[in-house]
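**Q** model the structure of this input:
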Amino acid sequence: MNDENTIRAAIAEWGDAFCSKSIDRLMALYAPDAVIFDAIPPFSSGIDAMRTKVVDCLPYFPDGFAFETRDLTVSVGSEMAVAHFIWHFIGLPPGHPAGRHWFRSSVIWRKQADGQWLVVHDHCSAPFDPYSEKTVLSPDAIAGEAPSDACGERNPVGWFEIYVQDMERAKAFYGAVFGLPLTQLQSPIELWAFPGHPNGMGAAGALARIEGFRSADNSVLVYFSCDDCSVQAARALEAGGQIHKPRMSIGQYGYIALVVDTEGNMIGLHSMQ
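**A** Residues are numbered from 1 along each chain as shown. Take a look at the predicted model:
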């Protein structure tokens, strides 16, 4: 097998290892000093952080899904090789968050002393629409489309949560009423999201269960989108409100803060930083 075919086989191995949830096979493709620019924050990480991230997210994938590439180009030199392509997951349940995205990848390999090729840089990302500040899900998604609103403008409400006591009972109710699948999100709290489309109308949201948060009494929490939720939390305190929970991480989904307004209503603040 020549070097170009070796690189192409390594890309196929990456997809097969991820989709079969074989973390050791996946990480064996990377050099110890590899740098990862992943689509999921942080902006940059090493292989230890990548292993942890993959281990944490694999339980949310079903068995039997697959990895499909398009427009694969490979260039190989004597010591370095590079490939770029677009790809997505297939075979996921309808509404699964990972099933809606196409990603673009640029991967660099370095030939080792023993002749093995290992990844030293892995860049995976998706472009965003600067008019809506939303991710473009497909390479054909915005062809011929006009911007939805002025650059930098956005609707203030970006997320909602409906609090429940019995998640299985609530899922059955909303599934029966609306006929929509719900997908569990990786989060410090239990969240089951309604199907959402970043370029669609309206706000996305989920059923939520948190110890100490009652359901009933119209207990729906609305999240306002912010650049840095700690700024708005401080402003809420200055304006006569209260900070119920200061800025906290929710993993790959960014940060939230909870504040109480002057009328006693709790609202959520969300930002990616």
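**Q** show me the helices in the stretch 51-200 of the chain, by range?
**A** Here the stretch 51-200 of the chain has its helices, by DSSP state H, counting those that start in this stretch, at 167-178.
**Q** where in the chain is pLDDT low?
**A** Along the chain, segments meeting pLDDT under 70 span 1, 95, 129-133, 141-157, 177-178, 197-202, 214-219, 263.
**Q** select the longest helix from it.
**A** helix 3-19 (DSSP state H).
**Q** helices or strands next to that helix in the packing?
**A** Applying 3 or more CB pairs under 8 Å, 6 or more residues apart in numbering; DSSP states H and E, we find helix 3-19 packed against helix 23-27, strand 66-76, strand 80-90, strand 103-111, strand 117-125. For glycine as for every other residue, the C-beta is placed from the backbone atoms N, C-alpha and C.
**Q** now these as CSV including mean neighbour count and distance to Gly251?
**A** CSV is the format used below for the helices and strands packed on helix 3-19 (neighbours: other CB atoms under 10 Å; distance: least, CB to CB, whole Å):
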stretch, mean neighbour count, distance to Gly251
helix 23-27, 15, 18
strand 66-76, 14, 23
strand 80-90, 17, 19
strand 103-111, 19, 19
strand 117-125, 17, 17
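**Q** dump the ones you listed to JSON lines, plus distance to Gly175.
**A** Putting the helices and strands packed on helix 3-19 into JSON lines (distance: least, CB to CB, whole Å) gives the following:
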{"stretch": "helix 23-27", "distance to Gly175": "32"}
{"stretch": "strand 66-76", "distance to Gly175": "26"}
{"stretch": "strand 80-90", "distance to Gly175": "23"}
{"stretch": "strand 103-111", "distance to Gly175": "29"}
{"stretch": "strand 117-125", "distance to Gly175": "33"}
